[in-house]
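Colleague: Got a sequence here, can you build the structure:
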Amino acid sequence: MLRLEPRPSPSRAWTWVSPLLALAITLLVGLVLFVALDKDPVRGLQVFFWEPIKSTYAWGELGIKATPLLLIALGLAVCFRSNVWNIGAEGQFVIGAIAGGGVALLAGKDTGGWIVPAILLAGVAGGMAWAGIVAFLRDRFNAGEILVSLMLVYVAIQLLGYLVYGPWKDPQGYNFPQTRTFEAVTQIPKLMQGSRVNLGTLIALAGSALLWVYLFRTRSGFAQQVGGLAPAAARYAGFSSRAALWTALLISGGTAGLAGALEVAGPLGQLTPYVPAGYGFAAIIVAYVGRLHPLGMVLSAILMSMFYIGGELAQSRLGLPKSITGAFQGLLLFALLACDTLVNYRIRFGKAR
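Modeller: Purely as a prediction, here's the structure:
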């Protein structure tokens with residue numbers, strides 16, 4: 001009889017090596033996948049892991065993709081460390097994009113630079129309000145935050161569709177479902193000439209530093225983590241479970257909303273039905289591959305953005321389907337889960353005692 005037996009004390013070293021081992025397994029399975037699709041495996045790995053970093057422009061594109069992933073993952077890390085399962089960050093991202101885009105549409109030719117902070121604050125407020133619905137239903141009616149947050153994703157997408165197909169539709173847009181292009185003054189400042197990377201990347205990195213300080217150097221961050229690891233001990237210490245719930249979801253919603261506002265005021269420049277790009281779901285993988293640690297999530301966000309860019313290049317250069325990006329993301333997640341299982345459990349043969 002095959003069974004899993006908990007290890008008395010899981011190896012701390014293997015806990016941190018596990019994501020690297022999961023990446024190696026993903027690469028090996030990826031090689032097999034390329035061969036099965038009758039593609040050159042070396043060329044396939046080159047497209048995924050070398051093309052996205054081979055030039056300054058490529059690094060800029062990597063930063064564009066990594067920024068929303070990192071911002072959303074930072075908020076999710078607070079939730080997951082607090083034992084609050086926010087699975088609907090994609091919806092909070094979309095609402096943040098709608099709120100930020102709504103403010104951007106108010107800008108005219110004479111609008112000043114103050115509009116950019118207003119867009120970002122609107123995005124944060126929109127994401128927090130959407131996550132606040134989840135917190136309220138969980139707090140007031142004990143509704144499961146997993147189901148509520150996930151269902152609100154589809155509500156947010158429908159709301160976006162209503163706006164871009166209806167009242168916010170560009171009358172000069174040849175009947176395409178999109179808003180008019182935002183004024184130049186609303187654009188997030190770029191960091192360098194000849195690249196699309198913008199100030200959002202620095203905001204995401206600053207957010208990583210702030211999260212480290214919050215989690216490991218403040219009483220509130222300590223309370224969030226104690227509540228997630230040992231709820232009974234948190235109650236004994238006088239930490240409020242309600243405060244932990246609201247804090248975790250509002251922080252997570254705010255970071256996701258900020259990512260949405262940065263996306264529409266940055267590389268997109270308008271609202272379209274294609275704002276939901278799956279960043280909210282991919283950020284869950286980013287958070288766990290990064291071990292819910294700010295530095296680890298910076299590295300895992302870069303890795304995940306390589307999958308996004310590599311998948312786009314694989315479509316155009318190798319003729320592979322769009323789903324190849326999701327396949328690599330799924331492979332990485334399942335490999336990580338398998339490695340983590342073996343870190344915490346050992347395989348035993350024979351009858352259980």
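Colleague: which residues in the stretch 201-350 of the chain form strands?
Modeller: With strands called from DSSP state E, counting those that start in this stretch, the stretch 201-350 of the chain shows them at 345-349.
Colleague: just the helices in this protein please.
Modeller: 12-36, 41-49, 56-81, 89-105, 115-141, 145-165, 199-217, 219-229, 231-236, 241-263, 279-289, 294-318, 324-344 (DSSP state H).
Colleague: Residue 332: neighbouring residues, count only.
Modeller: Residue 332: 25 surrounding residues under other CB atoms under 10 Å. For every residue, glycine as well, the C-beta is placed using N, CA and C.
Colleague: Confirm for me that it is in contact with residue 24.
Modeller: No: counting by CB atoms under 8 Å, residue 332 stays clear of residue 24, with 10.6 Å between them.
Colleague: what's the overlap in contacts for the two?
Modeller: Common neighbours of residue 332 and residue 24 are not found (criterion: CB atoms under 8 Å, 6 or more residues apart in numbering).
Colleague: sorry, back to before: would you turn the helices of the chain into a markdown table with distance to residue 177 and mean pLDDT?
Modeller: Output for the helices of the chain, formatted as a markdown table (distance: least, CB to CB, whole Å; pLDDT from 0 to 100):
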| stretch | distance to residue 177 | mean pLDDT |
| --- | --- | --- |
| helix 12-36 | 35 | 91 |
| helix 41-49 | 31 | 90 |
| helix 56-81 | 22 | 95 |
| helix 89-105 | 14 | 98 |
| helix 115-141 | 20 | 97 |
| helix 145-165 | 5 | 97 |
| helix 199-217 | 25 | 96 |
| helix 219-229 | 40 | 91 |
| helix 231-236 | 46 | 85 |
| helix 241-263 | 17 | 96 |
| helix 279-289 | 20 | 95 |
| helix 294-318 | 22 | 93 |
| helix 324-344 | 24 | 91 |
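Colleague: Quick one: closest of those helices to residue 192.
Modeller: helix 56-81 (7.1 Å; CB to CB).
Colleague: In terms of secondary structure, what does that closest one contact?
Modeller: Counting contacts by 3 or more CB pairs under 8 Å, 6 or more residues apart in numbering; DSSP states H and E, helix 56-81 is packed against helix 89-105, helix 199-217, helix 219-229, helix 241-263, helix 279-289, helix 294-318.
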